[in-house]
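A.B. asks: Here you go, sequence then predicted model.
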Amino acid sequence: MQRKTFIKGLIAAGALATLPLTAAAQDPIIIGEINHYKRMAAFAEPYKMGMELAIEETNAAGGVMGRPLEFIFRDDQGEPGEAVKIAEELMTRDGAVMLTGTILSNVGLAISSFAGEKGYVYLASEPLADSLVWAAGNPYTFRLRSSTFMQAAMLAEAAAKTNATRFATIAPNYAYGKDAVAAFKENLLKLKPEAEFVAEQWPALFKIDAGAEVQALERAKPDAIYNVTFGPDLAKFVRDGTDRGLFDGRDVYGLLSGEPEYLDPLGDEAPEGWTVTGFPWYDLEGGPDGEFVKTYQARYDDYPRLGSIVGYMTVQSIVAALEKAGSTETEAIRAAFEGLEVDSAMGPIVFREIDNQSTMGAYVGTTALQDGKGVMVDWEYKDGANYLPSDEEVRALRPAQ
Amino acid sequence: MSVILETRGLTKNFGGLVAVDDVSFALQKGELLALIGPNGAGKSTCFNMLMGQLPPTSGEVYLDGDRITGLGPRQIWRLGVGRTFQITATYASMTVVENVQMALLSHNGEIFRVLPFAHRMYRDQALALLDMVGMAAQADRHCAVLAYGDLKRMELAIALAHEPKLLLMDEPTAGMAPRERVALMELTARIVAEQGVSVLFTEHDMDVVFGHAHRIMVLNRGALIAEGNAAEIRANPLVQEVYLGGGTVFGGAETTDA
Amino acid sequence: MEFFVAQILTGLANASSLFLVACGLSLIFGVTRIVNFAHGSLYMLGAYIGLTLMEALPGHFGFWGSILLAGIAVGLIGVVIEMLVLRPVYRAPELFQLVATFGVILVIQDLALLIWGPEDQLGPRAPGLRGVFRIMGEPIPKYDIVLLIITPFIALALWWMMTRTRLGVLVRAATQDREMVGALGVNQAWLFTGVFALGSALAGLGGALQLPKGGADLLMDFTILTPVFVVVVIGGMGSLPGAYLAAIIISVLNVFGVTYIPQSTLVLMFIVMIVVLMIRPYGLFGREEVAGEHGQVGEPEEPIKPASAKVRAIVAAGLAMLALLPLYGGNFALVLTTDILIFCLFAASLHFLLGLGGMVSFGHAAYYGGGAYVAALLVTWTETPMELAFLLAPLGAGLIAIVVGWVCLRLTGVYFAMLTLAFAQLLWSLVWQWQEVTGGDDGQVNIWPADWLNDNTVYFYFALIFSVGGILTLRHLAHSPFGYALRAARDSKRQAEATGIDTRRVQLLAFTFAGFMGGLAGALFVFSKGSVFPNELEIVRSFDALIVVFLGGVKTLAGGVVGAGFFKGVEDVLTRFEYWRLVMGLLIIFVVVVAPEGIVGSLRRAWRRFGPGHSQADTATEERRT
């Protein structure tokens, strides 16, 4: 695996020198893809593999409008300022027709602001920040993945069905964590006005003091806990919480906690019985998502993560937009994205005209241990369209245009 | 002759230790006064109080009749007191002449100016000062490459930059070769004579002290035990006792003095 | 009461790794005076190596053996780093070594990614120590109890070694007076290597020991770095008991902070550090630093002179070429050059502080990011016209600098540097946390220039005028009486004060002006990108500037600008490759080793030695003009 990465690196470096490899009769259509390939390697790699799979399939089927599709992948080091510079380069020097990418919300927001100002189309693939399509939204920015608000609403719906009334939250102390807690509260109180929040813990991102957080949560004696921590913070929280019996007899809701990116590193210590959003690829059979899992595994000898399917769907969306536009002109692509319907790997999705957010959903299920690994059981795919605020609310959120 | 510097009952305690004990003396205008004493006698502490680096526990210091007790080093300097250090303190990144120019800039209140080129300002004045100490030829050398004796002379030029009425020199010849010592003290004596500056200096080297000082004070364990001209000090039994019978010290001094 | 006890126990257990890593850092600093930024990377290596060993070695013996072996392995890696990277640069200007250690960070980051892959790894459990003990009814993980018992023993063992063995005596002697060790007839090089190895081993041990509480991931090198520096500074650099006490104070306070003020997690540590340094400027057990120990020790800087007519002509020609860039460069060339110009101004402002002022700031991003945020917030909240916001930004940054400078200038050397870092972190935390106003991590977006400037070419000229203007102003200042006074305060505070120069005032003004210029760079940045996020205030940004200033040459006037231009350009090329951090790290180490006076300083030396037709003396006067 590591060896392969290294060799891939060499090839990538080589490819850069001998561009374009995809020498076709027709000039390729170039898409600029900006991501944090180094800083968020665990997330960006499966994402890129998903993209490459879709690109290969597209080109094998004759490309788009008879032209091959080509992506230029660029690393922004996770720095918004770098990303904006690269965006400029991709659009003005490399001849990209539109931009896509990013996992981190701040980088996504930077590119979005830039794209809106310069009039470039940007499809934000993975960033979750609500403001990307609402408070800071602009006509040129579209977002594929279901946002923080949508996924929190799905968990709030599940939480509202239980008897729990005393809730505690734990979330990393920054914009994403705060948005996630606010959205959960808002949706839960709508469905269950008697719910009360008895503790809010805000560990510093990637610097969680798990023992102390667990003690503080335990002290509040909640019925249920809503968790937004992820990555190494989640691992420490789960371990300490399990040891100290924090989760015994309590409902726990975990935002993103069921995604293989976060669940798999926990190994046999993955929490059991949490209600989570995630990606149960192992259970997907039939349907477009099952198809995707099969092709992906055949192509890579590896299983897909959530990022893989998002990457795949990103390319699908771009292809659909280009075909609908019938042109590579920015305005045509932008217009095509509005109300664009895509038969994606997660089924049909729509890029809503009202806020440029796609209706991509999420899988909500319960965690369990199988063969020493955390999995999601009793899951259900929730269509994102049902977890968005009303149109009036959305209109109020978006800046006047 | 009038008094330029006067201390009255100057005392400094460090915790329970009395470093300087009720020292009173007066320095006349145009006088070259030496303050001597064995190691740990309190010379440096005394000096630091005069320069405003240490506040005295009690007692007063008067400059030209004005009380300067408790003023900081900068204020005392502005009142016309220059000083040289036991271990040279110079601006190693500058040339010799720039070191002197720096003091002139400060004296003329121009250090916060941002427009002119500093290296052109007061250059002639600085060169004249360097000439006075015999350093004009080395004016544009990097001061970090100078020999120690030259640094001492440069420091003297710096100390003279604001035409002080009083010069405090802390062991001016420390670390120098014997011949250089004599030369430096002769220079100092000449400046005293020519410029009418008064000088108070501490010194280890008895040749230097007996050869040049107009008057000598002896400090021991924080207290002044004797005062007078070279002959008087030599004859003082108390001083001889302090310097362990002192024969050797004074013997050497006599030869050079002769 | 039970809860209280349980919290203290948790805090003590948390202190364990922190102490080990911190005392390693403290030891290294005490003896070699190296501020080892790569210490977090050694901690990370300890975790990964421990993990790999634990997978291979089973059982109790395997687990504890792996921890020990991980420590030894990291100690050996420390030997390699010390001998290959640091030994050649001990004679370089103080703190130059920290640039080398930064190169090591980059190299280790990519090597770890290569070897262990990108996924987070969960640490294995200690055999037989799963689950909890009940202490007064409160559950405490068994491993926590083991940790808080082990740590004092390790601390005692270290203390024994420091006080009862010959090595310890030497180390303590070296901490107090480096020359003395030479006088004792000890091979100083090997003492340094040994101490660096010991410090590294402790970091590795800390990394492996925390595995059952967490795991290994690629971000942990930077995650641990700040708390470790805070602990070392609070304890007093070079003091082992200090590190132990500070680790406990920080950990226990943090546990209480989490419980009673859950929002405090980001700032608590820094507030504690600032309070401690205000009361005890050299930490709890630190010793006052010898004046001039840092910054400008080593070979003194050479005298400066305004550029000669020849050099001016060359610079003017270069600027003219730059000004004509829109004629021959593409759109992206303009954007890239704008970025570089802005970064050059930022670096030049730090260089002014560092080079002329001898004040090593580890938190210069506070003014760069601060300026950017002042402009952005004015635009967002008061709809200030861009032109006005742009002018107010440097003033805002200057205002921040005057407050920070006023507090920090009580200290000198490394403590000054750490205090500036603490303030930068405080500002970062404020921006990161105060989402209602600053947007938190979602930043400030849609901050675009006025219409007449909103074009890449026009903005390029705008940035060119302000960056070059700023750099030339800073440079001219160096030649002005104020610049001379600043150098005087740096070279000899004693003499400066004795000749009527108010050094504190001079330094505070310089600090403020450097902040002002940093803020100007930040304002140029925010309007060129259209957005600003808290990462512009982060430590990494401060280090970026610090590193290019050192690599360019602290003791030269042009160092900051040359270093910034060179490395920003190289970075733009390198980041196109997958393992660019490895290459960048090696490049930095290479420059550090072959050009210990920085690029400009070493070129000057080479020119003087090999330059055409110049005698030694002539070149000395000629070259110092550049």
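C.D. replies: Yep, that arrived.
A.B. asks: Chain neighbours aside, what residue packs nearest to C:Phe229?
C.D. replies: Spatial nearest neighbour of C:Phe229, excluding adjacent residues (CB to CB, 6 or more residues apart in numbering or on different chains): C:Met418 at 6.5 Å. Quick note: C-beta positions are derived from backbone N, CA and C, even for glycine.
A.B. asks: And the pLDDT for whichever residue of chain A sits closest to chain B?
C.D. replies: Closest contact between chain A and chain B, by CB to the nearest CB, is at A:Gly81 (31.7 Å). What the model reports as pLDDT for A:Gly81 is 90.
A.B. asks: One more: the one 4 residues further on?
C.D. replies: The score at A:Lys85 is 92. That number is its pLDDT.
A.B. asks: What average pLDDT does stretch C:38-54 get?
C.D. replies: Throughout stretch C:38-54, pLDDT has a mean value of 96.
A.B. asks: Is chain A within reach of it?
C.D. replies: No - applying CB under 8 Å from any CB of the partner chain, one finds that stretch C:38-54 is not in contact with chain A, the shortest distance being 10.7 Å.
A.B. asks: How far off centre is that stretch?
C.D. replies: 21 Å (CA atoms, centre = their mean, to the nearest Å).
A.B. asks: Can I get it as CSV, trimmed to CA atoms?
C.D. replies: Extracted C-alpha coordinates of stretch C:38-54, given in CSV (Å, rounded to 0.1, in the frame of the first residue of the first chain):
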residue,chain,number,x,y,z
ALA,C,38,11.3,19.0,15.4
HIS,C,39,10.7,17.8,18.9
GLY,C,40,7.0,17.1,18.1
SER,C,41,8.2,15.1,15.1
LEU,C,42,10.3,12.9,17.4
TYR,C,43,7.3,12.4,19.6
MET,C,44,5.3,11.3,16.5
LEU,C,45,8.1,8.9,15.4
GLY,C,46,8.0,7.4,18.9
ALA,C,47,4.3,6.8,18.6
TYR,C,48,4.6,5.2,15.1
ILE,C,49,7.7,3.1,15.9
GLY,C,50,6.1,2.0,19.2
LEU,C,51,3.0,0.9,17.3
THR,C,52,4.9,-1.1,14.7
LEU,C,53,6.9,-2.8,17.4
MET,C,54,3.8,-3.6,19.5
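A.B. asks: Sticking with A:Ala182, tell me its helix or strand.
C.D. replies: Element membership for A:Ala182, per DSSP states H and E: helix A:175-191.
A.B. asks: Over to C:Leu472?
C.D. replies: Applying DSSP H and E, one finds C:Leu472 within helix C:456-479.
A.B. asks: Could I get the full set of strands for chain C?
C.D. replies: Counting by DSSP state E, chain C has strands at residues C:121-122, C:132-135, C:138-141, C:215-216, C:444-445, C:531-532.
A.B. asks: What pairs with the fourth one, parallel or antiparallel?
C.D. replies: What that stands for is strand C:215-216. Strand C:215-216 has the following strand partners under DSSP bridges: strand C:121-122 (antiparallel).
A.B. asks: Read off the pLDDT value for C:Phe550.
C.D. replies: In this model, C:Phe550 is scored at 87, pLDDT.
A.B. asks: Tell me which stretches of chain A form strands.
C.D. replies: Using DSSP E, strands in chain A cover A:29-35, A:69-75, A:98-101, A:122-124, A:141-143, A:166-170, A:196-201, A:224-227, A:251-258, A:275-278, A:341-344, A:347-350, A:362-370, A:373-382.
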